[in-house]
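Colleague: All I have is the shape, not the residue letters:
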């Protein structure tokens, strides 16, 4: 049986839209009525433009007078930026969101009431594509992947405690790496031992999901950390 919910039909469809404006237009009614929202993202930027629309922002942040279960999973790099880290604490403390951090690869996804999945696609011509999926079997599969990532992830408080010191020195480390400063000189600049500096570099690479120092620099620029 196929039901129509606003502009999105449930019961077995996939709609591909381009750009946050069209995503908002096609899905705001779903967010406005949602009671269970799950979100997975690499950083805060993927869904940020969509969140500026009042209906989606209210749903994702928790609406006054309504019980909305909100779970979010992010990659560790989101905690390297003090502004992003503060935002996570705000939506947790003020809006009651449950937030976890995972170092594993994740697909940027929003699940609405376990019956609609929104999958973020690539960027082309300055606009990101999004797939809005209501095919029950597909949504169930995406939900299972999210639940597995959620169970294995770490609470934001626990991860933040681990990364707090790294966050304080990350800009300097990234700058030193970007300038090609040798480890010994970089360690002296930061007042660290060489072993400690190299450990910090390794931790920073892990947080950024980078396999090399060069890739760490590229990823940091993509995230606006440098």
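Modeller: Yes, it's here. Just so it is clear, the model here is predicted, and its values are computed rather than measured.
Colleague: got the residue ranges for the strands in this protein?
Modeller: 3-5, 8-10, 14-18, 36-41, 69-74, 98-101, 109-112, 116-124, 127-133, 154-155 (DSSP state E).
Colleague: what residues does the fourth one touch?
Modeller: This means strand 36-41. If you take CB atoms under 8 Å, 6 or more residues apart in numbering as the criterion, strand 36-41 is touched by 31, 47, 59-60, 68-75, 78, 106-114, 120, 143, 146, 149-150. From N, CA and C alone the C-beta is placed, and that goes for glycine too.
Colleague: Kindly report the same for the longest one.
Modeller: Taking contacts as CB under 8 Å, 6+ apart, the residues outside strand 116-124 that touch it are 8, 10, 16, 18, 23, 27, 30, 41, 46-47, 107-112, 128-134, 138-139, 142-143.
Colleague: rewinding a little: among the contacts of strand 36-41, name the buried ones.
Modeller: 31, 47, 59-60, 68, 70-75, 78, 106, 108-112, 114, 120, 143, 146, 149-150 (16 or more other CB atoms under 10 Å).
Colleague: Okay, now the unreliable bits of this protein?
Modeller: 1-12, 48-66, 125 (pLDDT under 70).
Colleague: Look at residue 77 and say how many residues are nearby.
Modeller: Number of residues near residue 77 (other CB atoms under 10 Å) recorded here: 26.
Colleague: Isn't residue 174 up against residue 226?
Modeller: Yes. Applying CB atoms under 8 Å, one finds residue 174 in contact with residue 226, separated by 4.9 Å.
Colleague: quick one: which of the two has more around it?
Modeller: More crowded of residue 174 and residue 226, by other CB under 10 Å: residue 174, with 22 against 14.
Colleague: Run through the residues that contact that one.
Modeller: Contact partners of residue 174, counting by CB under 8 Å, 6+ apart, are 204, 216, 217, 220, 225, 226.
Colleague: I figured the first one was touching residue 216, is that so?
Modeller: Okay, so that is residue 204. Yes. Residue 204 lies in contact with residue 216 (CB under 8 Å); the separation is 6.2 Å.
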